[in-house]
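**Student:** okay, sequence plus prediction incoming.
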Amino acid sequence: MSLSSPLPLTAVRTLALHAQALAAPPGTEPAPTPDAILKLVEQLGCVQIDTLHMVQRSHYVVLWSRFGRYDPADFDRLIYDPAERRLFEYWLHAASIIPYSVYRYRLPLMDHFRNGGAWWPEWIKDPNNVALVEQVFARIRQEGALRTSDFEHDGDQRGTWWDWKPAKRALEHLYNTGEVMIADRVNFQRVYDLRERVLPPGIDTTVPAPDEVQRHLVEHALRALGICESGQAAEYTYEVRRGPARAIIAEMVESGAAVEVQGEVADGTVKTLVVHRDTLPLLEQAADGALAAGRTTFLSPFDSLFWARGRDQMFWNFRQTLEAYLPAPKRQWGYFCLPILHRDRLVGRFDPKLERKTGTLRLKALYLEPGVAPSEDLIADVAGAMRDFLAFHDATDLVIERSDPAEFGDQLLAAL
């Protein structure tokens, strides 16, 4: 393969999907052992956490998309079990589950919060709030791990994200600065404990220089994305701006750590894209047809495949959007739509709600993208993924309220 020849679109897509562990046909993915789960999170860099709960929570769905059915308790143990802890919660792309192998690269952000950088910079300057933080910290030190509900609040009922009771803000300040960590979750509520009681022994706590952090973030983003425009590596971690990311990648290209290639995109044009040097063997396999994307699965709206801004439309002519925070009349697709990946294409989406008491997965809407026909192969592959998705949720019944086109829903139910 010559790097001077434009990569065909299918090779570009395959490389991007393979880098995200979304290319393996069902049945060929690794067994979801603890080591495999850790390896996946290290490959992705982190897995985003979110509170929306229409089906399994987002971070569990991200793993299902790549492994198929697995036991989420195995994932939890890697985060919260002191005997198996190899992952931790902190900020990266957003609130995320992160490998301990990159703990040291989070230390400068903790220092940033400690030195006054915060969402509420004036709050921690108030002597009363400083005293509150010290009191909350002392209680955890004396009593052990605590939840927000363990702290009484005599004020008015708090109803919004930014109007937390005072102890919650104190806990979040201690969490942001790294003084406490998330030791567990109970009914998804965070359980906070002292860093020294959570951090496993032997973790590197050497504080890196700011430029080392940025280089680490951009280089890992490039590996995890597989192929992208240089500026798109910035959004993958959400901490590096596009200008500095482009400068870092330009240095990598000059040193040979990254390579610029020409690649076809969804509108038929050819763009200059960049790949990490370590990705070149996969690029060659994708270009030669030796590597193909064969997976059909469903993706969380928060899946890392979509973190690089504009790449969904550039590579797949698909606009990923989360409409949960829009008023219902303004939604085009639905509250919490999951994109449908079929081999190397994003072919549709559906808006699900799991009715846990009855074991019913209800699709309030099911869509195919414009120009996508419900072929026999597509129906069979989506049905296979749906059977596994139902089993993952302990659901025994699927209800489709609306389908566009209508025959897609009918054929999918018939195939199940």
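**Tutor:** Arrived safely, thanks for sending. Quick caveat: nothing in here was measured; it's all calculated off a predicted structure.

**Student:** any idea how far the helix or strand bottoming out on mean pLDDT in the chain is from the middle of the chain?
**Tutor:** Sorting the helices and strands of the chain by mean pLDDT, DSSP states H and E puts helix 232-237 at the bottom, at a mean of 90. Remark: helix 232-237 is offset 13 Å from the chain centroid, using C-alpha atoms, centre = their mean, to the nearest Å.

**Student:** elements contacting it?
**Tutor:** If you count contacts as 3 or more C-beta pairs under 8 Å, 6 or more residues apart in numbering; DSSP states H and E, helix 232-237 packs onto helix 210-225, helix 242-255. Just so you know, the C-beta spots here come from the backbone N, C-alpha and C atoms, and that holds for glycine as well.

**Student:** what's the closest of those to V372?
**Tutor:** Closest to V372 of those, according to C-beta to C-beta: helix 210-225, at 24.5 Å.

**Student:** where does this structure have low pLDDT?
**Tutor:** The chain contains residues with pLDDT under 70 at 1-4, 153-164.

**Student:** pick the most deeply packed of the helices and strands packed on helix 232-237.
**Tutor:** Across these, averaging neighbours per residue (mean count of other C-beta atoms under 10 Å) puts helix 210-225 on top, at a mean of 21.

**Student:** quick one: distance of it to the chain centre.
**Tutor:** Relative to its chain's centre, helix 210-225 lies at 16 Å (C-alpha atoms, centre = their mean).

**Student:** which elements pack onto it?
**Tutor:** Packing partners of helix 210-225 (3+ C-beta pairs under 8 Å, 6+ apart): helix 9-19, helix 232-237, helix 242-255, strand 270-276.

**Student:** again, 10 Å this time
**Tutor:** Applying 3 or more C-beta pairs under 10 Å, 6 or more residues apart in numbering; DSSP states H and E, one finds that helix 210-225 contacts helix 9-19, helix 34-44, helix 107-114, helix 232-237, helix 242-255, strand 258-264, strand 270-276.

**Student:** for E212, which of those is the nearest?
**Tutor:** E212 lies closest to helix 107-114 among the helices and strands packed on helix 210-225, at 9.1 Å (C-beta to C-beta).

**Student:** after the closest one, which helix or strand is next? Please name it.
**Tutor:** Heading C-terminal from helix 107-114, the first helix or strand you meet, by DSSP states H and E, is helix 127-143.

**Student:** list the buried residues for that following helix?
**Tutor:** For helix 127-143, burial by neighbour count (16 or more other C-beta atoms under 10 Å) applies to N129, L132, V133, V136, F137, I140.

**Student:** which other helices and strands does the next helix or strand after that helix contact?
**Tutor:** Note on helix 127-143: by DSSP H and E, the next helix or strand toward the C-terminus is helix 166-176. Judged by 3+ C-beta pairs under 10 Å, 6+ apart, the packing partners of helix 166-176 are strand 87-91, helix 107-114, helix 127-143, strand 180-186, strand 189-194.
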